[in-house]
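Asks: What would the 3D arrangement of this be:
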Amino acid sequence: MATVAETLHAIELRADRAIVQELRLLIKEVQALQPSLLGDDRAHAQALLLKLDHLRQSQVVDSISDQAFFFLSARG
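Replies: This is a model prediction of the structure:
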């Protein structure tokens, strides 16, 4: 069985290639683990949540920016 640190590390590796929907699921997965974590594992989970949320928000912003660009380009 994988340790908590290994599980969090695996989630972090998946996050780098994840789309927004998967990032939301990864966030929920880490949040579900949090109540049972202590010490360094809890700190790692909190830092990972920050990273996952940052990745999610940056993809959403990129998507909106792209849509605005295409909308303005189409209007001429």
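Asks: CA only for contacts and neighbour counts going forward, please
Replies: Noted.
Asks: Helices of this protein, start to end?
Replies: 4-15, 20-33, 39-75 (DSSP state H).
Asks: mind listing what the residue nearest the centre of the chain touches?
Replies: The chain has residue 52 as the residue nearest its centroid, 2.3 Å off, counting by CA atoms, centre = their mean. By CA atoms under 8 Å, 6 or more residues apart in numbering, the contact list for residue 52 reads 15, 23, 26-27.
Asks: For residue 34, state which of the residues you listed is nearest.
Replies: Using CA to CA, residue 27 comes nearest to residue 34 of the contacts of residue 52, at 10.7 Å.
Asks: show me where pLDDT drops low in this structure?
Replies: Scanning the chain with the threshold set as pLDDT under 70 gives 61-76.
Asks: Could you measure from residue 51 over to residue 1?
Replies: 25 Å (CA to CA, to the nearest Å).
Asks: One more: residue 30?
Replies: Applying CA to CA to residue 30 and residue 1 gives a distance of 17 Å.
Asks: Settle it for me: which of these two has more neighbours?
Replies: Using other CA atoms under 10 Å as the criterion, residue 30 and residue 1 rank with residue 30 on top: 19 against 5.
Asks: Wait, that one touches residue 43, no?
Replies: No. Between residue 30 and residue 43 there is no contact under CA atoms under 8 Å: 11.6 Å.
Asks: Count the residues that sit near residue 17.
Replies: Neighbour count for residue 17, taken as other CA under 10 Å: 11.
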